[in-house]
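Participant: Have a look at this fold, sequence not included:
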Ligand SMILES: Cc1cc2nc3c(=O)[nH]c(=O)nc-3n(C[C@H](O)[C@H](O)[C@H](O)COP(=O)(O)O)c2cc1C
């Protein structure tokens, strides 16, 4: 079993990574983290090539990412909330998932989704209405678009006050539940 994490945050040792690490500690098998801030891929240019062809017209590092997605059993999208959405470099990558959405138009969308996935999100302030609405929709739909069944999500508010995940036993509990569903 292989779990692939797309990490959308700028900080590799921040609040979001604490959740990723704890989740991965509880997951069996092979694990890999892709850091979206390290990717240097082009944004989607909406050329519509993928509406007729199986692959993207742009041959950059996304070729490797598409391959990693094909090979993974579990896909995790993990990110801090930046202005209600995913950080820019992650958004650039997620827009390139358009090749999977295009399966609907091409008529080769799989009927059954065999891959499982989850979303992990942190936000700085204490919980307020719609704090995670934008990013939840964005990440959940991105999983769905690339043919992944979401088994759960963790939305961690008030993260800027936190020094260790030990202060948030309820978050740890949610992460363990998700790990059990992915194992
Ligand atoms: C540019 C920027 C925009 C942000 N926008 C929001 C926001 O809309 N809502 C929120 O709750 N927190 C917001 N935050 C706070 C981060 O989501 C929060 O600090 C998060 O836990 C950082 O994750 P990290 O520790 O993994 O880097 C923002 C932070 C930055 C840098």
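Facilitator: Right, received. Where do you want to start? From a predicted model like this one, the values you see are computed outputs, not experimental measurements.

Participant: Could you list the low-pLDDT ranges of the protein?
Facilitator: Along the chain, the model assigns pLDDT under 70 to no residue.

Participant: tell me which parts of it are close to the ligand?
Facilitator: By Cβ under 6 Å from any ligand atom, the residues of the chain that approach the ligand are 9-11, 14-17, 80-84, 122-125, 131, 159-160. C-beta here means a position set from N, CA and C on the backbone, and glycine is covered the same way.

Participant: And for residue 131, the neighbour number?
Facilitator: 19 (other Cβ atoms under 10 Å).

Participant: Confirm for me that it is in contact with residue 81.
Facilitator: Yes: between residue 131 and residue 81 there is a contact under Cβ atoms under 8 Å: 7.0 Å.

Participant: Are there residues contacting both of these two? Which ones?
Facilitator: Jointly contacting residue 131 and residue 81 under the rule Cβ atoms under 8 Å, 6 or more residues apart in numbering are residue 123.

Participant: close enough to count as contact, residue 57 and residue 49?
Facilitator: Yes: the criterion here is Cβ under 8 Å, and residue 57 meets it with residue 49 at 3.7 Å.

Participant: okay, those two: which has more neighbours?
Facilitator: Between residue 57 and residue 49, counted using other Cβ under 10 Å, the more crowded position is residue 49 (15 against 11).

Participant: Residue 156 versus that one, what's the distance?
Facilitator: With distances taken as Cβ to Cβ, to the nearest Å, residue 49 is found 38 Å from residue 156.

Participant: hmm, back to that, buried subset of the residues of the chain next to the ligand?
Facilitator: Buried residues within those, counting neighbours by 16 or more other Cβ atoms under 10 Å: 9, 15-17, 80-82, 122-123, 131, 159.

Participant: okay if I get the residues you listed as TSV plus secondary structure?
Facilitator: Supplementary listing: those in TSV, determined by DSSP: H, G, I helix; E, B strand; the rest coil:
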residue	secondary structure
9	coil
15	helix
16	helix
17	helix
80	strand
81	coil
82	strand
122	strand
123	coil
131	coil
159	helix
